[in-house]
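[1] Fold the stuff below for me.
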Amino acid sequence: MKAVIKTSIGRSAFGGFAFTLIALVLGCFALPQKAQAVVPAPDGGYPGGNAAEGTDALLSLTSGVWDTALGFQALNHDTTGKQNTAIGARALFSDTVGNYNTAAGVYALYSNINGWFNNAVGAYALANNVSGNSNTANGYGALYNSTEGNDNTANGFGALYLNTAGFGNTAMGSLALNLNTGNANTAIGYQTLLRNTTGIANTAIGRGALGFSTGDSNTALAIQPAPPLPPPVMLSVSAQTSLVRT
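    Numbers count the residues shown, from 1 in each chain. Coordinates of the predicted model:
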C-alpha cells in the first residue's frame, strides 16, 4: 500500500511540474508579442480611413475618405476630397474637393483646390496649382507658378518654375524650362531651354542646350559643356511665401 501511495504521489508531482513547465514556455512566447505593441497606442485615426496629426490638420473634413494629413494645417480645407496625402506645414492647405493628390513638403500643392492626380515633393513644389491635373513636381519650387497646367513633369530645383498653364512639358534638371509657359517641350539637363517662354514642341538635351531659344519645334543636343548662362529669374523664399494665399 505504501509503494502504491508513493507511486501515485510521484506521478502527481511530475504532472504538476510538466503543467508548470508548459505554462512557462507558452508565457515566453506570449511576452515578445505583447512587447511589440506600440505604447502609447497610435492616435489620429478617424472614420472613413482618415488619419491626421498636427494643428488643424484635416480641420474641415466632412465626407472625404482615405485622406492622410501630417503637419500644421495640412489638408486644412479638405471637405469631400479623397485619397489625398499631405505631409508638411500647409501641404495641400486649400484642397477642398481634389482627389488622389500627394504633397510632401512645406507649402507643397498649397493652393490646389480641385486638381486631381498631382504629385509634389519638395518645399513650394506646385505651390500655386489650383485646378491642374496629372502634374509631377520633384524639387524645391518645381512647377511653382503652375496654376492650371496639365500633364507636366518637373524634376529639379526650379524646373518649370514660371509655367502657369502650359501642358505636356517635361523638365529634368535644375532650372530646366525655368521661364517656360509653352507646351509640349522636353528639356533634360541643367538650364536646358532656360529662357524658352512661349515656344512649343522643343527638345533639348545637355547642359544649357537651347538656353536662349524662344521658337518652336527645335531640337538640340549639347555635346560640349555650354558657357555659363545669365542668372535665371528666381524669387527669394520670402517673396515666394508672399505669392501664395495665407
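[2] Note down every partner strand of the helix or strand where residue 120 lies and its orientation.
    Under the criterion of DSSP states H and E, residue 120 resides in strand 119-121. Within its sheet, strand 119-121 is paired with strand 102-104 (parallel), strand 136-138 (parallel), according to DSSP bridges.
[3] how about CSV for these, with distance to residue 167, mean neighbour count and mean pLDDT added?
    (C-beta placed from N, C-alpha, C; glycine too.) Formatted as CSV, these follow (distance: least, Cβ to Cβ, whole Å; neighbours: other Cβ atoms under 10 Å; pLDDT from 0 to 100):
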stretch, distance to residue 167, mean neighbour count, mean pLDDT
strand 102-104, 20, 25, 98
strand 136-138, 13, 25, 98
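[4] got those as CSV, with distance to residue 207 columns?
    What follows is those, written out as CSV (distance: least, Cβ to Cβ, whole Å):
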stretch, distance to residue 207
strand 102-104, 28
strand 136-138, 19
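[5] Tell me where the protein has strands.
    45-46, 50-53, 68-70, 85-87, 102-104, 119-121, 136-138, 153-155, 170-172, 186-188, 203-205, 219-221 (DSSP state E).
[6] Go through the strands paired with strand 119-121 and name the closest to residue 86.
    strand 102-104 (4.9 Å; Cβ to Cβ).
[7] which residues touch the strand holding residue 120?
    Applying Cβ atoms under 8 Å, 6 or more residues apart in numbering, the set of residues contacting strand 119-121 from outside is 101-105, 108-109, 126-127, 129, 135-139, 142-143.
[8] still on that earlier bit, of all the strands of the chain, which lies closest to residue 178?
    Nearest to residue 178, of all these, is strand 170-172, at 8.2 Å by Cβ to Cβ.
[9] Which strands border the closest one, and is each parallel or antiparallel?
    strand 153-155 (parallel), strand 186-188 (parallel).
[10] same question for the first one, mean pLDDT?
    It stands for strand 153-155. The pLDDT scores in strand 153-155 average 98.
[11] and if you look at the last one?
    Strand 186-188 shows a mean pLDDT of 97 in the predicted model.
[12] Domain ranges for this protein, per the record?
    1-39, 51-246 (automatic domain parsing).
[13] I'd like the ones you listed written out as TSV, with distance to residue 45 added.
    Formatted as TSV, those follow (distance: least, Cβ to Cβ, whole Å):
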stretch	distance to residue 45
domain 1-39	13
domain 51-246	6
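[14] lowest-confidence stretch among the ones you listed?
    For the domains of the chain, where the average pLDDT is lowest is domain 1-39, sitting at a mean of 51.
[15] so which of the strands paired with strand 170-172 gets nearest residue 173?
    Among those, the nearest to residue 173 by Cβ to Cβ is strand 186-188 (6.2 Å).
[16] And that closest one, what's buried?
    Within strand 186-188, the residues that count as buried by 16 or more other Cβ atoms under 10 Å are 186-188.
[17] circling back: closest one to residue 214 among the strands paired with strand 119-121?
    strand 136-138 (23.3 Å).
[18] Please tell me how far that closest one is from the chain's geometric centre.
    9 Å (Cα atoms, centre = their mean, to the nearest Å).
[19] which residues of this protein fall in helices?
    Secondary structure of the chain (DSSP state H): helices located at 2-35, 237-243.
[20] between the buried residues of strand 186-188, which is nearest residue 147?
    Closest approach between those and residue 147, by Cβ to Cβ: residue 187, at 20.4 Å.
[21] Which residues lie in contact with the closest one in this structure?
    Neighbours of residue 187 in contact, by Cβ under 8 Å, 6+ apart: 169-173, 176-177, 193, 196, 202-205, 209-210.
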